[in-house]
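**Student:** Predicted model, plus sequence, below.
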Protein chains: 4
Amino acid sequence: MPAEKSYLFSIEFAVRDYECDIQGIVNNANYLHYLEHARHEFLISRGISFSGLHAEGLDVIITRIEIDYKYPLRSRDLFVVRLNLRREGNIRVVFDQHIFRLPDEKPIVKASVVAVATKNGKPVAPGNLISRLGLND
Amino acid sequence: MPAEKSYLFSIEFAVRDYECDIQGIVNNANYLHYLEHARHEFLISRGISFSGLHAEGLDVIITRIEIDYKYPLRSRDLFVVRLNLRREGNIRVVFDQHIFRLPDEKPIVKASVVAVATKNGKPVAPGNLISRLGLND
Amino acid sequence: MPAEKSYLFSIEFAVRDYECDIQGIVNNANYLHYLEHARHEFLISRGISFSGLHAEGLDVIITRIEIDYKYPLRSRDLFVVRLNLRREGNIRVVFDQHIFRLPDEKPIVKASVVAVATKNGKPVAPGNLISRLGLND
Amino acid sequence: MPAEKSYLFSIEFAVRDYECDIQGIVNNANYLHYLEHARHEFLISRGISFSGLHAEGLDVIITRIEIDYKYPLRSRDLFVVRLNLRREGNIRVVFDQHIFRLPDEKPIVKASVVAVATKNGKPVAPGNLISRLGLND
């Protein structure tokens, strides 16, 4: 069972009926929505907004997602999205995101989401974004 | 059975599995997506784009939708969205939109969608937009 | 400003970025998702589940929605969906649902959602469902 | 430029406005919808339906997706989803799915989607599903 404290950020959700498909389980695509919402809430918790970054000329784009579906969520399940962050090379930042059902902590999804900062459409070193996110530069 | 020629515009779709919910039928909200896509395609067929209107300082917003759900669509059903247009007073334009299953023409949805043109957030008379849409001024 | 106590049920949400469209505002269809989620949570708060009703041979379907869009929600806005209920004739139950932005209570959406109980696909009087929902029979 | 004939299956789409987000580009999660719809259409083109498989006691579930986002699609872009299939070990079938913008064949998305056949929730060898999908057993 994961120690909550080993993650940088956590956010809880409940499955809404409209997120489930014919099989009565959450549709695969909706997990990407959950993961995205968790990342955005994390950034905001660090005082970083997309519009603010954009005003600085910086856009953060997702270039790759690896996602393992371990067990499906069903209507009205409670769950938590937990998140860590690491650098990969000079350019990439990787969000490691895990979804667990609550309260039994059953692993649901394990994902790695690769982000790149861009300026005028070109990848750039993320610069002080890294320290603002709580990573060592 | 409706005469196709009594409508200003028609567009055909097929239900995608991810648009269906636990009951195996298209979720109520997705019909609004179908209706919106049909309206946008209609506008474009008349040479009108939202970005073009916006550049002219004009934004078209939806202020009211009335929708009757007559029969549900299911996975892989084919259907057509048909559309007419009428003025209501000086300000409002109403899209009358009907969805029929294909090929049996079973009525699925009947909707009235009220749109208003706005300039700087204030409703304005739609002006030549009306004639461009094929209505008498 | 609405007195919270004049409603049968209320539930709060926050707008998620993926619910917004190109204009930066919540897409019209997503309000139907919010309204549906609020109705389902209300039913469950009364001890009524769709699967339970279905096991009793009863299905509740939406036959009509009227929705007035008064002001758009934007990314990260907080809002509340409030709900009342009334009978209309022998067959129909109408959910009156209002969305207000928080904390300023700005009116966002006003909707009437007509529901009908069905047995084997035929409308039936909702019977004791009415009293279970807190309405007088 | 890819030779269309080197793929088992192809299906064309157009981006709908409601699939785009605040940045004016298709939201990351919607590509999973496109990929899923393409897989389902492929299966049906081979005479295989989920409900038919389910009736045989076989459920096909997605256990992993790797997706590279190379370039974003925008409102009204035309695109094609192309698909190949390969076995991985005794249990897994991998869909290699590529999205290209049309007509310029610009690469948009490259994805590998791992599927497993299950019986009563346990992974099983896909058996004659393989030959029905056009793979060598």
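**Tutor:** It's in. Residues are numbered from 1 along each chain as shown, chains lettered A, B, ... in the order given.

**Student:** How about residues contacting the helix or strand hosting residue A:66?
**Tutor:** According to DSSP states H and E, residue A:66 maps onto strand A:59-69. Strand A:59-69 is contacted from outside by A:28, A:31-32, A:35, A:50, A:53, A:92, A:108-119, A:129, D:28, D:61-70, D:72, using CB atoms under 8 Å, 6 or more residues apart in numbering or on different chains. Placement of C-beta: from N, CA and C, glycine included.

**Student:** where along chain A do the helices fall?
**Tutor:** A:28-45, A:50-55, A:129-132 (DSSP state H).

**Student:** okay, the angle between the longest one and strand D:59-69?
**Tutor:** Note on geometry: by axes from the mean of the first three to the mean of the last three CA atoms, to 10 degrees, helix A:28-45 and strand D:59-69 are set 40 degrees apart in direction.

**Student:** So which elements touch helix A:28-45?
**Tutor:** Where contact means 3 or more CB pairs under 8 Å, 6 or more residues apart in numbering or on different chains; DSSP states H and E, helix A:28-45 is packed against strand A:9-14, strand A:59-69, strand A:78-88, strand A:92-102, strand A:107-119, helix D:28-45.

**Student:** Direction included, what does the first one pair up with?
**Tutor:** Each strand that pairs with strand A:9-14, with its direction, by DSSP bridges: strand A:78-88 (antiparallel).

**Student:** how about the strand it pairs with as CSV, C-alpha atoms only?
**Tutor:** Output of strand A:78-88 as CSV, limited to C-alpha atoms (Å, rounded to 0.1, in the frame of the first residue of the first chain):
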residue,chain,number,x,y,z
LEU,A,78,-14.2,6.8,-5.1
PHE,A,79,-10.5,7.1,-6.1
VAL,A,80,-7.4,9.1,-5.7
VAL,A,81,-4.9,10.3,-8.3
ARG,A,82,-1.4,10.6,-6.9
LEU,A,83,1.5,12.2,-8.7
ASN,A,84,5.3,12.4,-8.7
LEU,A,85,7.6,14.3,-11.0
ARG,A,86,11.0,13.7,-12.5
ARG,A,87,13.3,15.1,-15.1
GLU,A,88,14.4,13.1,-18.1
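
**Student:** what comes up buried for it?
**Tutor:** Buried positions in strand A:78-88, judged by neighbour count with 16 or more other CB atoms under 10 Å in any protein chain shown: A:79-85.

**Student:** Adding pLDDT, write the residues you listed out as JSON lines.
**Tutor:** Below are the buried residues of strand A:78-88 laid out as JSON lines (pLDDT from 0 to 100):
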{"residue": "A:79", "pLDDT": "98"}
{"residue": "A:80", "pLDDT": "98"}
{"residue": "A:81", "pLDDT": "98"}
{"residue": "A:82", "pLDDT": "98"}
{"residue": "A:83", "pLDDT": "97"}
{"residue": "A:84", "pLDDT": "96"}
{"residue": "A:85", "pLDDT": "93"}
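
**Student:** now residue A:115, which residues is it bridged with?
**Tutor:** residue A:62, residue A:93.

**Student:** mind listing what it touches?
**Tutor:** Taking CB under 8 Å, 6+ apart, one finds A:60-63, A:92-95 in contact with residue A:115.

**Student:** Buried ones only from those residues, please, as a PyMOL command.
**Tutor:** To isolate the buried members of the contacts of residue A:115 in PyMOL, using 16+ other CB under 10 Å:
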select buried, chain A and resi 60+61+62+63+92+93+94+95
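
**Student:** number of nearby residues for residue A:47?
**Tutor:** By other CB atoms under 10 Å in any protein chain shown, 8 other residues sit near residue A:47.

**Student:** now residue A:103
**Tutor:** By the measure other CB under 10 Å, the count of residues near residue A:103 is 8.

**Student:** thought it was touching residue A:77?
**Tutor:** No - using CB atoms under 8 Å, residue A:103 makes no contact with residue A:77, being 10.6 Å away.

**Student:** what about chain A, any weak spots by pLDDT?
**Tutor:** The model of chain A has pLDDT under 70 over residues A:1-4, A:136-137.

**Student:** redo that, cut-off 90
**Tutor:** Low-confidence segments of chain A (pLDDT under 90): A:1-5, A:21-24, A:47-60, A:89-91, A:117-137.

**Student:** and the spatially closest residue to residue A:124 that is not a sequence neighbour, what does it touch?
**Tutor:** Nearest non-adjacent residue to residue A:124, counting by CB to CB, 6 or more residues apart in numbering or on different chains: residue A:117, 5.4 Å away. Residues in contact with residue A:117, defined by CB under 8 Å, 6+ apart, are A:58-60, A:91, A:93, A:123-127, A:129.

**Student:** Check residue A:21 too.
**Tutor:** Applying CB under 8 Å, 6+ apart, the residues near residue A:21 are A:27, B:17-18, B:20-22.

**Student:** Give me the outermost residue of chain A relative to its centroid.
**Tutor:** residue A:22 (26.0 Å; CA atoms, centre = their mean).

**Student:** Quick check: the gap between that one and residue B:27.
**Tutor:** 11 Å (CB to CB, to the nearest Å).

**Student:** for stretch A:7-22, how far is the first residue from the last?
**Tutor:** End-to-end span of stretch A:7-22 (CA to CA, to the nearest Å): 34 Å.

**Student:** Report the distance from it to the chain centre.
**Tutor:** Here stretch A:7-22 is found 12 Å from its chain centre; the criterion is CA atoms, centre = their mean, to the nearest Å.

**Student:** Give me the buried positions along it.
**Tutor:** Those would be A:7-11, A:13, A:15-22, for stretch A:7-22 by 16+ other CB under 10 Å.

**Student:** Between all of those, which two are separated the most?
**Tutor:** A:8 and A:22 (36.0 Å; CB to CB).

**Student:** Relative to residue C:8, how far out is residue A:99?
**Tutor:** From residue A:99 across to residue C:8, the span is 33 Å (CB to CB).

**Student:** And for residue A:29?
**Tutor:** Taking CB to CB, one finds residue A:29 at 34 Å from residue C:8.

**Student:** what do you get for residue A:134?
**Tutor:** The spacing between residue A:134 and residue C:8, counted by CB to CB, is 44 Å.

**Student:** go on, residue A:34?
**Tutor:** 30 Å.
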